[in-house]
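Colleague: need coordinates for the below:
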Amino acid sequence: MIAIKRALLSVSDKTGIVALGQALARHGVELVSTGGTAQALRDAGLAVIEVAELTGFPEMMDGRVKTLHPKVHGGLLGLRDAAEHQAAMAEHAIAPIDLVVVNLYPFEATVAKGAERAEIIENIDIGGPAMIRSAAKNHEFVTVLTDPADYAALIAELDAHDGATTLDTRRRLAARAYAATATYDAMIASWFAFADQGEAFPPTLPLILQAPAVLRYGENPHQRAAFYAHRGPAAHGIGQARQVQGKELSYNNYNDADAALELVSEFKHDDPAVVIVKHANPCGVARAATIAEAYAAALACDPVSAFGGIIAVNRPLDAATAQAITGIFTEVVVAPDANAAALEVFAARKNLRLLLTGDLPEPKRSGLAIKSIIGGWLVQSRDNGALDRDALKLVTRRPPSEQELADCLFAWTVAKHVKSNAIVYAKDGATAGIGAGQMNRLESARIAAWKAEDAAAKAGWPTPRTRGSVVASDAFFPFADGLLAAIAAGATAVIQPGGSIRDEEVIAAADAHGVAMVFTGMRHFRH
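Modeller: Numbering: from 1, shown residues only. Sure thing, here's the model as predicted:
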């Protein structure tokens, strides 16, 4: 136990600071403070010693220099059980400081509001992190608080132990303190690298993650897992969505919901659209005049895989769509919003997880995609490549019709989000068959066609929807066999990157069957 006799309080966020100061005063703690914190404590009737009085030096340089002084850091770093340290403290009239309460200048908030560079620089705290690190290093004797959320627990501990703290508490708070300064420094380093200097891949890549949600298990029950939300003004996704109802999200729920949100965001500025995802791959995607119609078309693509899937939409949900969605077992629904009638429908399915995102992410947003491998991390810019009609190169004798071209662009957008090798058949703004994740493109084309045939048989249609469809391939056809399989399935137009040494062979096969084909010059591998 270490009794707190002197505390230094200097906070930017003054939430709860008066109540903490009052609790410390009840235990006879001498309060040392700075600037606005000192004034807030005085206004509450508490006796406060200014840091300038403690150090004998006034605040100077617009407040840049006030706590960087031996009488502050000596009082924090001095070992209470080391004779040499105690002698030095006595010689230089340095009194111990037993508690430091510091939170830092609002750097993140200053950046987020779009401040000018000079203001951002002035909101880089120097003295605060120095005091936090000094106190945390000497946690055998010094208690450090960096988060107002911890004030109540400290007050309870002081009340329970007659104004003293335990070593376990000091160790725990020291760990939180170093996490706080590490996060703060990472935010500053990130701003300098990306916003200020415009670096794509800085020599050190700071990652800022916070508030883990410990999950029941990972991809499999024998794996442990947690979700860390990205922190910062640009954070906007599944991690920031509001969960309205349902059980806690699982590891696979997070992964699949993210895949669904990424794809439906491609249609943020488009017609009503619905995406159904299973195991991180879309199994049905459609656009239509209404969300309910789009859902019906997306579901028809692969109703078997949709069971237990993840659904994302690009419009607020209404009761009709909610009724349709709850017609089969669905794990998660992601939407910008939902009206009261839709919420009432979903409420009857208590285990269904409903996530409301507010606005959808921008489809062409910047940022980095990061993947861990053994011994390191793979980092790349986000795949935000998109096409318009002017970027397409016609390579066959027959050009696509207007409807074929629209469906080609739609299928190409979906293929971007299908695990490679990816083949997507589409017709009238809806997927007709999706082949994902195969070791060769021919098998993806065959599987997608087989899925369409199976869907037609279950629905009682006379022919599968691949008849008269278009087909998108995320990478070039290395041989004509994959294209021929798509033509056999009924595809009449093709969109693919091109670039194979056998492009002429593939083009000739398309021409021989009267099929239109356009090249994008862009590949969309996703592994």
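Colleague: next, count neighbours for Arg176.
Modeller: Other residues near Arg176 number 17, with proximity taken as other Cβ atoms under 10 Å. (Each C-beta comes from the backbone N, C-alpha and C, glycine too.)
Colleague: following the chain onward from the top helix by length along the chain, which element is next?
Modeller: Longest helix in the chain by number of residues (criterion: DSSP state H): helix 167-190. Using DSSP states H and E, the helix or strand that follows helix 167-190 in sequence is strand 209-215.
Colleague: in the longest helix of the chain, which residues are buried?
Modeller: Along helix 167-190, these residues count as buried under the neighbour rule (16 or more other Cβ atoms under 10 Å): 169-170, 173-174, 176-178, 180-181, 183-184, 186-188, 190.
Colleague: identify, from those residues, the entry nearest to Arg133.
Modeller: Thr181 (6.0 Å; Cβ to Cβ).
Colleague: so the closest residue to the closest one other than its chain neighbours, which of the three states?
Modeller: Leaving out its chain neighbours, the residue that sits closest to Thr181 by Cβ to Cβ, 6 or more residues apart in numbering is Pro129, at 4.7 Å. With DSSP: H, G, I helix; E, B strand; the rest coil as the basis, Pro129 sits in helix.
Colleague: I'd like the distance between His268 and Ala52.
Modeller: Wrong residue type there; residue 268 is Lys, not His. 54 Å (Cβ to Cβ, to the nearest Å).
Colleague: quick one: contacts of the helix or strand encompassing Ile507?
Modeller: Assigned by DSSP H and E, Ile507 belongs to helix 503-512. Residues from elsewhere that reach helix 503-512 (Cβ atoms under 8 Å, 6 or more residues apart in numbering): 395-398, 476-477, 479-480, 483-484, 487, 494, 500, 516-517.
Colleague: restricted to helices, list the residues you listed.
Modeller: 480, 483-484, 487.
Colleague: farthest pair within these?
Modeller: Ala480 and Ile487, at 9.6 Å, using Cβ to Cβ across these.
Colleague: how long is stretch 74-91 from one end to the other?
Modeller: 12 Å (Cα to Cα, to the nearest Å).
Colleague: okay, buried residues for that stretch please.
Modeller: For stretch 74-91, by 16+ other Cβ under 10 Å, it's 74-78, 85, 89.
Colleague: centre of the chain to the helix holding Ile507, how far?
Modeller: What separates the centre of helix 503-512 from the centre of its chain is 43 Å, taken as Cα atoms, centre = their mean, to the nearest Å.
Colleague: go on, stretch 428-443?
Modeller: For stretch 428-443, the distance to the chain centre is 28 Å (Cα atoms, centre = their mean).
Colleague: measure Ala52 to Gly36 for me?
Modeller: 14 Å.
Colleague: again with Thr413
Modeller: For Thr413, the distance to Gly36 - Cβ to Cβ - is 52 Å.
Colleague: if we can go back for a sec, the residue nearest to Thr181 contacts Asp185, doesn't it?
Modeller: Yes: using Cβ atoms under 8 Å, Pro129 is in contact with Asp185, at 7.4 Å.
Colleague: which other helices and strands does the helix or strand hosting Val274 contact?
Modeller: Per DSSP H and E: Val274 is located in strand 273-278. Secondary-structure packing of strand 273-278 (3 or more Cβ pairs under 8 Å, 6 or more residues apart in numbering; DSSP states H and E): helix 251-265, strand 281-287, helix 291-301, helix 303-306, strand 309-313.
Colleague: which other helices and strands does the longest one contact?
Modeller: Helix 251-265 is packed against strand 225-230, strand 273-278, strand 281-287, strand 309-313, strand 330-335, with contacts defined by 3+ Cβ pairs under 8 Å, 6+ apart.
Colleague: just put the ones you listed in TSV and tack on mean neighbour count.
Modeller: Listed next are the helices and strands packed on helix 251-265 as TSV, based on neighbours: other Cβ atoms under 10 Å:
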stretch	mean neighbour count
strand 225-230	15
strand 273-278	28
strand 281-287	27
strand 309-313	27
strand 330-335	25
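Colleague: I am finished for the moment; much appreciated.
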